[in-house]
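> Can you look at this prediction? I've put the sequence above it.
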Amino acid sequence: MKFITLLLALLIIGLMLYKQLEGLNHSVSSASDVTTTNSGVPLVPTSPKDLNTFASQVNKLVTDSAAQQQAQIQQQLDESNGNKKQP
C-alpha cells in the first residue's frame, strides 16, 4: 500500500514538472518571436553608440502612433456626427 502511494505521488510530481517545463518552452519561443516580427517597433540597442539612434526611432514611433490615433478618433467623431445629422 505504501509502495502504491509512493508511485502515485511520483506520478503526480512528474506531471507537475512536465507542465512547468512545457510552459517554459512556450514562453521562450514567444519571446524569440517578438524580436523576429517586423511590427515597426525599434529593436533595443546592444551598444551605447546606438542609443541616440534608438531614441530618435522611439520618438518617431510615438509621434506617428499619436498622429494615427488622433486621425482615427477624428474619423470616428466625424462618422458619429454625420450619422446624427442625416435623419
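Perfect, I can see it now.

> Report the next helix or strand after the helix or strand of the chain with the lowest mean pLDDT in sequence order.
Across the helices and strands of the chain, mean pLDDT, DSSP states H and E gives its lowest value to helix 2-36, namely a mean of 77. Downstream of helix 2-36, the first helix or strand assigned by DSSP states H and E is helix 51-85.

> Return the set of buried residues in that following helix.
Q57 (16 or more other C-beta atoms under 10 Å). The way it works is simple: take the backbone N, C-alpha and C, and place the C-beta from them, glycine included.

> and it, what's its mean pLDDT?
In this model, helix 51-85 has a mean pLDDT of 88.

> For V41, give its distance to L11.
With distances taken as C-beta to C-beta, to the nearest Å, V41 is found 44 Å from L11.

> Y18 now?
In terms of C-beta to C-beta, Y18 sits 11 Å off from L11.

> before we move on, what about A71?
When A71 is compared with L11 (using C-beta to C-beta), they lie 58 Å apart.

> Then S47?
50 Å.

> ok, the two, which is more surrounded?
When S47 is set against L11 and neighbours are counted by other C-beta atoms under 10 Å, the residue ahead is L11, at 10 against 6.

> dump the residue contacts of that one.
Neighbouring residues of L11 by C-beta atoms under 8 Å, 6 or more residues apart in numbering: there are none.

> And A9, by the same measure?
A9 neighbours (C-beta under 8 Å, 6+ apart): none.

> Export stretch 6-19 to PDB, keeping only CA atoms.
Extracted C-alpha coordinates of stretch 6-19, given in PDB (Å, rounded to 0.1, in the frame of the first residue of the first chain):
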ATOM      1  CA  LEU A   6       4.700   6.400  -3.400                       C
ATOM      2  CA  LEU A   7       4.200   5.600  -7.100                       C
ATOM      3  CA  LEU A   8       1.100   7.800  -7.200                       C
ATOM      4  CA  ALA A   9       3.000  10.700  -5.500                       C
ATOM      5  CA  LEU A  10       5.900  10.400  -8.000                       C
ATOM      6  CA  LEU A  11       3.400  10.300 -10.900                       C
ATOM      7  CA  ILE A  12       1.700  13.500  -9.700                       C
ATOM      8  CA  ILE A  13       5.100  15.200  -9.200                       C
ATOM      9  CA  GLY A  14       6.300  14.100 -12.600                       C
ATOM     10  CA  LEU A  15       3.100  15.500 -14.200                       C
ATOM     11  CA  MET A  16       3.500  18.800 -12.400                       C
ATOM     12  CA  LEU A  17       7.200  19.100 -13.500                       C
ATOM     13  CA  TYR A  18       6.200  18.200 -17.100                       C
ATOM     14  CA  LYS A  19       3.600  21.000 -17.100                       C
END
